[in-house]
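1. Below is the structure, and that's it, no one-letter string:
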């Protein structure tokens, strides 16, 4: 079984401040991990993914995440928040095998304050 | 060009009615999915089809029936709608294995009155 826990359903940062969104996973096999972003009234868009290559993954819009096996974590960061980053962020883990099932965390709403 | 499209975008209906949501992808992907996002934004997979064959069928009431007429389409039919069916339904598609990206449609907001 696999699962994802996102700590903090709401995170607020000031514009220009560091963004840190936390994700911890549980998986019985080496996981594939994803971060998706959902802007209001839109579908989900992939930010970045970890596929067992480099542990530091760079994504779109200046976001990056680091896979830490010892901590079972895949936290999302961005050095300097922009107003346009305000959105809902989802961490997800993919199963192995042919099912290719994504299991999502409960999401973190990011608010960027002027 | 829209990669994954859904119709309609909004659907308001009465309890007990039957409704369908359509999904089309023009990415040439083999696998398509339906997800349900509830009012607390929690996303849960409902179904997955690979080359028109059902491969994932989570614990979903049998009032929900997916239909895949071809690889590019995956429709969702819901019978006897209930208040608890109100949610946003997302279609997604993917090619290849577990490392590949799932591409999501814009969602269909279903409201059951």
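-> Everything's here; your move. Just so it is clear, the structure is predicted and the values come from calculations on it, not from any experiment.

2. Which elements pack onto the helix or strand bottoming out on mean pLDDT in chain B?
-> Using mean pLDDT, DSSP states H and E, strand B:53-57 stands out as the lowest-scoring helix or strand of chain B, at a mean of 81. Contact here means 3 or more CB pairs under 8 Å, 6 or more residues apart in numbering or on different chains; DSSP states H and E; on that basis strand B:53-57 packs against strand B:43-50. For every residue, glycine as well, the C-beta is placed using N, CA and C.

3. From the contact counts, what lies against the strand it packs on?
-> Strand B:43-50 is packed against strand A:102-104, strand B:31-37, strand B:53-57, strand B:64-70, strand B:73-78, with contacts defined by 3+ CB pairs under 8 Å, 6+ apart.

4. Could you give the bridge partners of residue B:20?
-> Listed beta-bridge partners, residue B:20: residue B:77 (assigned using DSSP bridges).

5. picking that back up, go ahead and name everything in contact with the least confident helix or strand of chain B.
-> The contact list for strand B:53-57 (CB atoms under 8 Å, 6 or more residues apart in numbering or on different chains) reads A:98, A:99, A:101, B:31, B:33, B:45, B:47, B:48, B:49, B:66, B:68.

6. ok, the last one - how many residues close by?
-> Residues contacting residue B:68 under the criterion other CB atoms under 10 Å in any protein chain shown number 18.

7. how far away is it from chain A?
-> Separation of residue B:68 from chain A (CB to the nearest CB, to the nearest Å) stands at 16 Å.

8. can you check the fourth one too?
-> For residue B:31, the distance to chain A equals 6 Å [CB to the nearest CB].

9. so that residue makes contact with residue B:47?
-> No - in this structure residue B:31 lies outside contact range of residue B:47 using CB atoms under 8 Å: 10.9 Å.

10. ok, and the closest non-adjacent residue to the residue nearest the centre of chain A?
-> Central residue of chain A (CA atoms, centre = their mean): residue A:35, 3.4 Å from the mean position. Among residues not flanking residue A:35 along the chain, residue A:47 sits closest, at 4.3 Å (CB to CB, 6 or more residues apart in numbering or on different chains).

11. what's near enough to touch that neighbour?
-> A:34, A:35, A:36, A:37, A:59, A:60, A:61, A:63, A:76, A:89.

12. closest to residue B:3 among those residues?
-> residue A:36 (14.8 Å; CB to CB).
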